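Asker: model the following, please.
(one chain, ligands or ions: 2)
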Amino acid sequence: MILIKTDRDLETMRSAGRILAEILRRVQEAVKEGVTTQDLDSLAAGLMAEAGVESAFLGYRGYPRNICVSIDDQVVHGIPGNRVMHQGQIASIDMGIRYKGFYSDAAVTVPVGTVSREARRLIDTTRKSLAAGIRQMRQGNRLSDISHAIQQYAEQHGYSVVRQFVGHGIGASLHEEPEIPNFGRKGQGPILKAGMVFAVEPMINQGTWECEVLDDGWTAVTADGKLSAHWEHTVAITETGAEILTLCAGQGS
Ligand code: MF3
Ligand code: CO
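Answerer: Ligands and ions are numbered 1, 2, ... in the order given. Next up is the predicted model:
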């Protein structure tokens, strides 16, 4: 894990976060009935090039696209392709970039047109479980306080927390230590301090937490075929608390 020690590096991380958030916002606005997941990837690739940043995912362990798009029971790492999105589905869009040697990583789950109440509730609960985790990110707390808060929030609302995929440190690489599970007891792991930057990314399921990976070697799906949602922010711990880096200018969490 790198510790961000200078204001200059923190400023670069802030820029990496803001640029990513703007691109993610434009891509999520393009989610509609009839659009393919590859259309979203191509849009993201164009916006990244225009902004002068690189996809952090393309080529990562051989990953073949710029972003991940995971539909309905797909939990994470869905590979964009000719799949057409339909009204009533939910789409998780995950992207990471590299900017001036620093990385940022974020994900959202959005409805395709009008979706069921239950799908909306899953999306909202997952977003709020991330917010509950971020509220624990302050100096003096322990790493697992984040994990515990996410799990407690999700399970209180009747959902399950994916175990197989976790959040991570981020900065000079996309994935740095430590791993940040979205479940666990509080009061364990490293003490949080200013300069640490984490990608916190709960994946929350409607049914069982168990997942399987498809034959493409990437796409993770729920074992029972029920829905899954995913939200992620890159968050820095500063002297005064958590600072979410992957927000657009003027945007709340
Ligand atoms: N946000 C995910 C993660 O941190 C996405 C990685 S996709 C990959 O694991 F292509 F880079 F593997
Ligand atoms: Co991540």
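
Asker: from now on I want contacts and neighbour counts done on CA atoms only, so please keep to that.
Answerer: Noted.

Asker: how about the residues of the stretch 101-250 of the chain by ligand 1?
Answerer: Proximity of the stretch 101-250 of the chain to ligand 1 (C-alpha under 6 Å from any ligand atom) is limited to residues Asp105.

Asker: all helices for the stretch 101-250 of the chain, in order.
Answerer: Remark: helices assigned in the stretch 101-250 of the chain by DSSP state H, counting those that start in this stretch are 117-135, 143-156.

Asker: TSV please, covering those and showing mean pLDDT and mean neighbour count.
Answerer: Listed next are these as TSV, based on pLDDT from 0 to 100; neighbours: other C-alpha atoms under 10 Å:
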stretch	mean pLDDT	mean neighbour count
helix 117-135	98	21
helix 143-156	98	23
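
Asker: tabulate the ones you listed in JSON lines, adding columns for distance to Thr6.
Answerer: Shown next, in JSON lines, are these (distance: least, C-alpha to C-alpha, whole Å):
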{"stretch": "helix 117-135", "distance to Thr6": "23"}
{"stretch": "helix 143-156", "distance to Thr6": "23"}
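
Asker: right, so of those helices, which gets closest to Gly241?
Answerer: Across the helices of the stretch 101-250 of the chain, the minimum distance to Gly241, taken as C-alpha to C-alpha, is reached by helix 117-135, at 8.7 Å.

Asker: and that closest one, what does it pack against?
Answerer: Judged by 3 or more C-alpha pairs under 8 Å, 6 or more residues apart in numbering; DSSP states H and E, helix 117-135 is in contact with strand 102-111, helix 143-156, strand 197-200, strand 203-205, strand 228-230.

Asker: give the other helices and strands that the first one contacts.
Answerer: Contacts of strand 102-111 with other secondary structure elements, assessed using 3+ C-alpha pairs under 8 Å, 6+ apart, are made with helix 7-29, strand 90-99, helix 117-135, strand 197-200, strand 228-230, strand 233-238.

Asker: low pLDDT regions in the stretch 151-253 of the chain?
Answerer: Scanning the stretch 151-253 of the chain with the threshold set as pLDDT under 70 gives 252-253.

Asker: mind running it again at 90?
Answerer: For the stretch 151-253 of the chain, residues meeting the criterion pLDDT under 90 lie at 249-253.

Asker: hang on, the earlier thing: got the helices and strands packed on helix 117-135 as a markdown table, with distance to Ala30 columns?
Answerer: Output for the helices and strands packed on helix 117-135, formatted as a markdown table (distance: least, C-alpha to C-alpha, whole Å):
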| stretch | distance to Ala30 |
| --- | --- |
| strand 102-111 | 11 |
| helix 143-156 | 28 |
| strand 197-200 | 24 |
| strand 203-205 | 22 |
| strand 228-230 | 18 |
